[in-house]
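*Asks:* Pasting the sequence and the predicted model now:
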Amino acid sequence: MIRFVLILLAIATIIYAVHWYRQQRRSKDIRMMTHDELVEAIIMREISILEVPSGKREAVNKILGEIQEELDEL
């Protein structure tokens, strides 16, 4: 019984480690994106606007605002 619990614990730990690694890699990929790439990813719904790094948030919001103004003029 103890062996079974230890095996389940080991499997859960491996699954958590894989999940954590994927989150870290995604976060790094998002930080490496340019402003235009971030806007494109937001529009394509690949990432959430909440995932935009704080240093790039102002520029991304400006670009999204310009796009919204262009669409409002149509």
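*Replies:* Thanks, I have it.

*Asks:* Now T34: phi and psi?
*Replies:* Backbone torsions for T34, taken as degrees, to the nearest 10, come to phi -80, psi 170.

*Asks:* do I47 as well
*Replies:* Per degrees, to the nearest 10, the backbone of I47 is at phi -130, psi 160.

*Asks:* hang on, isn't it packed against E37?
*Replies:* No - using CB atoms under 8 Å, I47 makes no contact with E37, being 9.8 Å away. Any C-beta I mention is one placed from the backbone N, CA and C, and that applies to glycine too.

*Asks:* can you list the weak-confidence ranges in the chain?
*Replies:* Counting by pLDDT under 70, the chain has no low-confidence residues at all.

*Asks:* can you pull out the helices in it?
*Replies:* Residue ranges of the helices in the chain, as given by DSSP state H, are 2-32, 35-43, 54-73.

*Asks:* Deepest in the core, which of the ones you listed is it.
*Replies:* Of those, the one with the most neighbours on average (mean count of other CB atoms under 10 Å) is helix 35-43, at a mean of 16.

*Asks:* elements contacting that helix?
*Replies:* helix 54-73 (3 or more CB pairs under 8 Å, 6 or more residues apart in numbering; DSSP states H and E).
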